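Novice: from the sequence below, what's the structure:
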Amino acid sequence: MAEDERLRTLLQQLFAAAVSAPAGQPTPPDRLIAGGEDVGTKLKTALGNYNVRHEFRPGQLVKWKDGLRNTRRPLYDEPAIIVSVLSDPITDPLLDMFSPYFRTPLDIVLGLVDDDDELVMYHFDSRRFRPY
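Specialist: Model (predicted):
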């Protein structure tokens with residue numbers, strides 16, 4: 001219970017600091033990510049990438065859009081092949097609203113080569129991919 005209270009206090013402090021920060025102040029180091037890029041800039045870039053739509057077809061090679069990889073595989077710049085494009089996206093009904101995958105429309109099936117050099121297939125959200 002003490003750990004919960006400590007976490008609650010820390011979150012309240014972080015929220016208060018974020019809300020009360022004066023406009024125009026330099027970005028504190030904890031608001032920077034690897035490479036020194038501001039988190040806000042990274043978020044805006046990722047959203048811009050996410051909103052760019054591509055028409056995919058079976059047999060086409062694809063890769064992650066920058067800033068949008070949300071699974072271990074494929075790796076960035078690792079090609080995957082489109083096995084099928086689903087006209088009716090599916091979602092996982094067992095995920096709750098606290099999962100980052102809650103209500104994610106899985107509308108493409110991608111084929112990858114696994115560590116045993118075998119073709120494996122997974123469902124993904126096509127908005128996270130671009131042509132290879």
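Novice: so for the helix or strand that Glu3 is a member of, what's the average pLDDT?
Specialist: Secondary structure from DSSP states H and E places Glu3 in helix 2-20. Here helix 2-20 scores 61 as its mean pLDDT.
Novice: quick one: mean pLDDT over the helix or strand just after it.
Specialist: Going down the chain from helix 2-20, the next helix or strand is helix 39-51, by DSSP H and E. For helix 39-51, mean pLDDT rounds to 94.
Novice: pull out the buried residues from helix 39-51.
Specialist: Applying a neighbour-count criterion of 16 or more other C-beta atoms under 10 Å, one finds 42, 49 buried in helix 39-51. Just so you know, the C-beta spots here come from the backbone N, C-alpha and C atoms, and that holds for glycine as well.
Novice: now the helix or strand just after that helix: buried residues?
Specialist: As assigned by DSSP H and E, the chain's next helix or strand after helix 39-51 is strand 61-64. If you call a residue buried by 16+ other C-beta under 10 Å, then strand 61-64 has these buried ones: 62-64.
Novice: will you turn those residues into a markdown table that also has distance to Gly48?
Specialist: Below are those laid out as a markdown table (distance: C-beta to C-beta, whole Å):
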| residue | distance to Gly48 |
| --- | --- |
| Val62 | 18 |
| Lys63 | 17 |
| Trp64 | 15 |
